[in-house]
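Q: Fold the stuff below for me.
(one chain, ligands or ions: 3)
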Amino acid sequence: MSKNVLVLPGDGIGPEIVAEAVKVLEWVNDRFGLNIELNEGLVGGAAIDATGGPLPEATLNAARNADAILLGAVGGHKWDKLEMALRPEKGLLGLRSNLNLFANLRPAILYPQLAAASSLRPEIVSGLDILIVRELTGGIYFGEPRGIRTREDGVREGYNTYIYSEPEIERIAHVAFQAAQKRNKRLCSVDKANVLEVTVLWREVMTRVGAEYPDVELSHMYVDNAAMQLVRAPKQFDVMVTGNMFGDILSDCAAMLTGSIGMLPSASLNDQQQGMYEPIHGSAPDIAGQGIANPLATILSVAMMLRYSLQAAAAADAIEDAVSRVLDAGLRTADIMSEGARKVTTAEMGQAVLKALNE
Ligand SMILES: NC(=O)C1=CN([C@@H]2O[C@H](COP(=O)(O)OP(=O)(O)OC[C@H]3O[C@@H](n4cnc5c(N)ncnc54)[C@H](O)[C@@H]3O)[C@@H](O)[C@H]2O)C=CC1
Ligand SMILES: CC(C)CC(=O)C(=O)O
Ligand SMILES: [Mg+2]
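A: Numbering: from 1, shown residues only. Ligands and ions are numbered 1, 2, ... in the order given. A predicted model of the protein is given here:
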């Protein structure tokens, strides 16, 4: 039976990095006989320009029918207006919520070849392998009421609602505990339970669900400390689980431990293992169109797609191994460049991964 993958390049560097990732996906499709059918759609600013809205019905329908989605990134100065792109029912957030992609897995792994590119000293990061599990369809990015209003005294105020229900916390807790069971059996739940009631509940539910996983050691940490610990001694973490906004911020922070935000892939999964796969970074308007973006996070997202949604672990292994060999050969995009390495463009990096796959 064929598998259906929807490709959504999006905006900024999105089309540049997705082009390289698609070539890799097509290569493994042929070589491993995966019978994957690719379709392309519009999302984000590209969709606003073409159709007037960031998440056209055609894209949403195609996404619902896809086994997996590969997304580049969305957004840019031209479209970053709240009403057009960032409302939860629209654009990227709309895609995540409509497909119920509540479990966002963000592995932060330091390739040993990139130790020199990490923001931290080699002895602090060598062997780093953390998994951040971020709740993706709730929390403050989706809570109602939200908006900007004018008070009776004429002062304007902006407001959002940070809300999680027990079932929302329970389901992400199970994902995180099960992920920890497959790894080093340590889970750190990150909250701000000293200030925010919503995370008092979060901590309570995490602890309760934890009783079902006696083999996993559960700890709790406030988010401010977690940010500090990530750059002080990141190897203390195995799996981290946290809400939508804290996970968004902590994963960008963790990215720099691995050398660059251009190295971190992600999977966003629902209960049916249907998934959207994307680099954790955005559309990087500052470097768009220059051919210098790092496509490896997107290529590694393809590997996650093969592993989690397309049941093709051997193809995923082949891609990850090819990426490692390209780094062995000293090829680096600008963001991970270090002394003695060879600087390459986005397309050259993609080509190098294909060449490594062929070897
Ligand atoms: N998943 C998504 O589609 C996301 C979209 N955004 C959107 O992206 C736009 C830009 O947001 P920013 O805050 O600038 O975050 P960003 O992640 O796009 O860029 C932050 C910095 O990292 C660099 N960078 C990002 N990806 C890179 C790559 N693959 N290779 C080399 N360097 C890379 C950029 O050049 C920039 O200096 C905004 O419109 C924002 O809303 C932001 C985050 C996620
Ligand atoms: C629209 C944003 C929540 C996207 C983002 O920064 C992310 O998912 O990492
Ligand atoms: Mg982010």
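Q: Just give me the neighbour total for the closest residue in space to residue 235 that isn't next to it in sequence.
A: Excluding the flanking residues, the one nearest residue 235 by Cβ to Cβ, 6 or more residues apart in numbering is residue 128, at 5.9 Å. C-beta coordinates here come from the backbone N, C-alpha and C atoms, glycine included. Residue 128 has 20 neighbours, counted by other Cβ atoms under 10 Å.
Q: check contacts around residue 128.
A: Counting by Cβ atoms under 8 Å, 6 or more residues apart in numbering, residue 128 touches 108-110, 234-235, 257-258.
Q: What's the PyMOL line that selects buried ones from these?
A: Applying 16 or more other Cβ atoms under 10 Å to these, the buried members can be selected in PyMOL as follows:
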select buried, resi 108+109+110+234+257+258
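Q: Mind checking which of the contacts of residue 128 are in strands?
A: 108-109 (DSSP state E).
Q: For the contacts of residue 128, please prepare TSV with the additional fields pLDDT and distance to residue 325.
A: Shown next, in TSV, are those (pLDDT from 0 to 100; distance: Cβ to Cβ, whole Å):
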residue	pLDDT	distance to residue 325
108	98	21
109	97	16
110	97	17
234	98	25
235	97	25
257	96	22
258	96	18
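Q: can you tell me which of the contacts of residue 128 are up against ligand 1?
A: The subset of the contacts of residue 128 lying close to ligand 1, counting by Cβ under 6 Å from any ligand atom, is empty.
Q: roughly how far apart are residue 8 and residue 154?
A: Distance, residue 8 to residue 154, using Cβ to Cβ, to the nearest Å: 43 Å.
Q: Would you mind telling me which of those two has the busier surroundings?
A: Neighbour count, other Cβ under 10 Å: between residue 8 and residue 154, residue 8 has more, with 29 against 6.
Q: Who are the contact partners of the most centrally placed residue in the chain?
A: Compute the mean C-alpha point of the chain, and by Cα atoms, centre = their mean the closest residue is residue 266, 3.2 Å away. Residues near residue 266 by Cβ under 8 Å, 6+ apart: 104-106, 251, 277-280, 301, 304.
Q: Contact residues of the stretch 201-350 of the chain facing ligand 1?
A: Contacts of the stretch 201-350 of the chain with ligand 1, taken as Cβ under 6 Å from any ligand atom, map to 261-262, 278, 281-287, 293-294, 297, 335.
Q: Out of these, list just those in helices.
A: Per DSSP state H, helices hold the following members of those: residue 297.
Q: Would you mind listing the two of the residues of the stretch 201-350 of the chain next to ligand 1 that lie farthest apart?
A: Within these, 278 and 286 form the most distant pair, 18.9 Å apart (Cβ to Cβ).
Q: Neighbour count for those two, which is higher?
A: Of the pair residue 278 and residue 286, residue 278 is the one with more neighbours under other Cβ under 10 Å, namely 30 against 8.
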